[in-house]
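Participant: next comes the sequence, and after it the predicted model I'd like to discuss.
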Amino acid sequence: MVSICATPLVEGDRLWFVTSRGEVRCLDTEGFHDGDNDGPYQDEKFNTPDEADVVWDFDMMKELGISQHNMCSCSVTDAGNLLFVNTSNGVDVEHNYIPAPEAPSFFVMDNSTNSARLAGAFFCSPCKNHANICISGNLADSRHLTAGGRSRIGEL
């Protein structure tokens with residue numbers, strides 16, 4: 001089993017990361033120290049003060065139909081209230097075919113509402129039209145920058 005391979009994004013009392021199981025997860029950085037079970041996710045198995053408080057969880061395999069290659073290993077980035085996520089959609093374990101060529105490799109979520117909602121219809125799937133360049137999967141991290149007064153999102 002592979003552990004978490006993504007760097008978390010932390011802002012204020014929220015932490016976002018991508019699990020190796022293809023979930024985008026938002027945590028309350030105060031955990032249960034504040035005495036609150038924040039957000040719509042209320043099914044934490046453990047809720048002592050030293051445990052993580054899951055605010056919401058978004059299953060990319062279930063909701064978007066991705067088929068990650070080995071694991072999701074992409075860190076998320078944000079710009080304002082938007083969360084930019086790479087899905088790690090890619091080839092099968094044997095590198096023979098692309099199980100989900102229609103699934104997105106990149107999408108945008110709203111991170112300001114304590115819920116995992118798609119912020120728009122921006123989906124990019126290089127595997128669909130360019131299967132020959134989809135070597136393993138989309139494993140790059142996104143970054144946000146402002147240059148010349150213009151905001152840009154790109155992959156490293």
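Facilitator: Happy to help now that I have it. Numbers count the residues shown, from 1 in each chain.
Participant: please enumerate the strands of this protein.
Facilitator: Here the chain has its strands, by DSSP state E, at 9-11, 14-18, 23-28, 53-59, 77-79, 82-86, 106-110, 117-118, 142-147, 150-155.
Participant: could you check the longest one and say which residues are buried?
Facilitator: Of all the residues in strand 53-59, those buried under the rule 16 or more other C-beta atoms under 10 Å are 53-58. Using the backbone N, CA and C atoms, a C-beta is placed for each residue, glycine as well.
Participant: mean pLDDT lowest where, among the strands of the chain?
Facilitator: If those are sorted by mean pLDDT, strand 117-118 sits at the bottom with a mean of 52.
Participant: ok, back up a step: may I see the strands of the chain organised as CSV, with distance to residue 37 added?
Facilitator: CSV is the format used below for those (distance: least, C-beta to C-beta, whole Å):
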stretch, distance to residue 37
strand 9-11, 20
strand 14-18, 15
strand 23-28, 9
strand 53-59, 6
strand 77-79, 24
strand 82-86, 22
strand 106-110, 21
strand 117-118, 20
strand 142-147, 30
strand 150-155, 32
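Participant: those strands: which one's closest to residue 46?
Facilitator: Ranking the strands of the chain by proximity to residue 46 (C-beta to C-beta) places strand 53-59 first, at 10.2 Å.
Participant: packing partners for the closest one?
Facilitator: Under the contact definition 3 or more C-beta pairs under 8 Å, 6 or more residues apart in numbering; DSSP states H and E, strand 53-59 sits against strand 23-28.
Participant: got the contact list for the strand it packs on?
Facilitator: Residues from elsewhere that reach strand 23-28 (C-beta atoms under 8 Å, 6 or more residues apart in numbering): 13-19, 34, 36, 38-39, 52-60, 72, 76, 83, 85, 109, 111, 114, 116.
Participant: and the angle for that strand with strand 14-18?
Facilitator: Strand 23-28 and strand 14-18 meet at an angle of 160 degrees, taking axes from the mean of the first three to the mean of the last three C-alpha atoms, to 10 degrees as the criterion.
Participant: buried residues in strand 23-28?
Facilitator: For strand 23-28, the neighbour count (16+ other C-beta under 10 Å) marks 23-28 as buried.
Participant: looking at these, which two lie furthest apart in space?
Facilitator: Largest separation among the buried residues of strand 23-28 by C-beta to C-beta: 23 and 28, giving 16.3 Å.
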